[in-house]
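[1] predicted model, plus sequence, below.
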Amino acid sequence: MKTMVSPSLLSANFIDLKSDIEMINKSEADWLHLDVMDGVFVPNISFGFPVIEAVSKVCTKPLDVHFMIQHPENYIEQTAKLGAMMMNVHYEACTHLHRTIQQIHAAGMKAGVTLNPSTPVCVLEDIICDVDMVLLMSVNPGFGGQKFIENTIKKIGRLRQLIKESGSQALIEVDGGVQAETAPRLVKAGVDVLVSGSYVFKSTAPYATIHALKELH
């Protein structure tokens, strides 16, 4: 299977968002990654449902929505109504994670769980077979353009082993510092989906950049 690519909208040009989304539509990108931040769970505020709704009307790629917020369970139905394919919630933000995963599935979406850099993969042992994807943050969530955290490579190995031993079908996604130097190493370590923001949207040749990420194996 070719590596999947989910460009992060956070790095797009918000003055001319439609042009950037149309670029994604024409590209080989698999999904569009949307980072929703509340300024409480993470020290930044990004965008909310009005932007997601506008994007959903133009984007032809599945929406990979990543909630970096407290109480994401309160927004499951609203997210589903906008046609999101994947709803990704943080382990650290969900007191009743299993229930939240069930509710996401019941709403007709795939369920992803995100781990911050300091959260070990072992916390997922009891729910790894219930999730469709695990997103490992390779930077601290909140801001784009941060330096890649090297421990992520070892962490991918531990997660891949957990998935194999449990018989889970979960995909592994990584977000943060994904560029020419780190992407090949991430794929070699066992990543299925690469989230890339500034590397794609700030590229002088975004179609070629996405293509190059897709060709990694």
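    Arrived safely, thanks for sending.
[2] what about the helices in this structure?
    Remark: helices assigned in the chain by DSSP state H are 17-26, 49-58, 76-81, 97-106, 152-166, 182-189, 198-201, 206-214.
[3] most packed of those helices?
    Stretch with highest mean neighbour count among the helices of the chain: helix 198-201 (a mean of 22; mean count of other Cβ atoms under 10 Å). Every C-beta, even on glycine, is put in place using the N, C-alpha and C of the backbone.
[4] if we can go back for a sec, can I get the helices of the chain in JSON lines with distance to Met4?
    Converted to JSON lines, those look like this (distance: least, Cβ to Cβ, whole Å):
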{"stretch": "helix 17-26", "distance to Met4": "13"}
{"stretch": "helix 49-58", "distance to Met4": "19"}
{"stretch": "helix 76-81", "distance to Met4": "20"}
{"stretch": "helix 97-106", "distance to Met4": "20"}
{"stretch": "helix 152-166", "distance to Met4": "15"}
{"stretch": "helix 182-189", "distance to Met4": "10"}
{"stretch": "helix 198-201", "distance to Met4": "13"}
{"stretch": "helix 206-214", "distance to Met4": "8"}
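[5] need those helices in CSV (columns: distance to Leu115 and mean pLDDT).
    Converted to CSV, these look like this (distance: least, Cβ to Cβ, whole Å; pLDDT from 0 to 100):
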stretch, distance to Leu115, mean pLDDT
helix 17-26, 26, 97
helix 49-58, 23, 96
helix 76-81, 20, 97
helix 97-106, 11, 98
helix 152-166, 8, 97
helix 182-189, 15, 96
helix 198-201, 22, 94
helix 206-214, 22, 97
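[6] Gly39 is nearest to which of these?
    Judged by Cβ to Cβ, the one of these that comes nearest to Gly39 is helix 49-58, at 15.3 Å.
[7] please enumerate residues in contact with that closest one?
    Outside helix 49-58, the residues within contact range by Cβ atoms under 8 Å, 6 or more residues apart in numbering are 9, 17-18, 21-22, 25, 32, 34, 36, 63, 65, 75, 78-79, 82-84.
[8] the residue nearest to Tyr75 when sequence neighbours are not counted bridge partners, please.
    Among residues not flanking Tyr75 along the chain, Phe67 sits closest, at 7.0 Å (Cβ to Cβ, 6 or more residues apart in numbering). Beta-bridge pairing for Phe67 (DSSP bridges): Val36, Val89.
[9] isn't Phe67 up against Asn88?
    Yes. Phe67 is in contact with Asn88 according to Cβ atoms under 8 Å; the separation is 6.5 Å.
[10] of the two, who's got more company?
    Ranked by neighbour count (other Cβ atoms under 10 Å), Phe67 and Asn88 place Asn88 first, with 29 against 25.
[11] and that one, how far from Lys202?
    Distance of Asn88 to Lys202, given as Cβ to Cβ, to the nearest Å: 23 Å.
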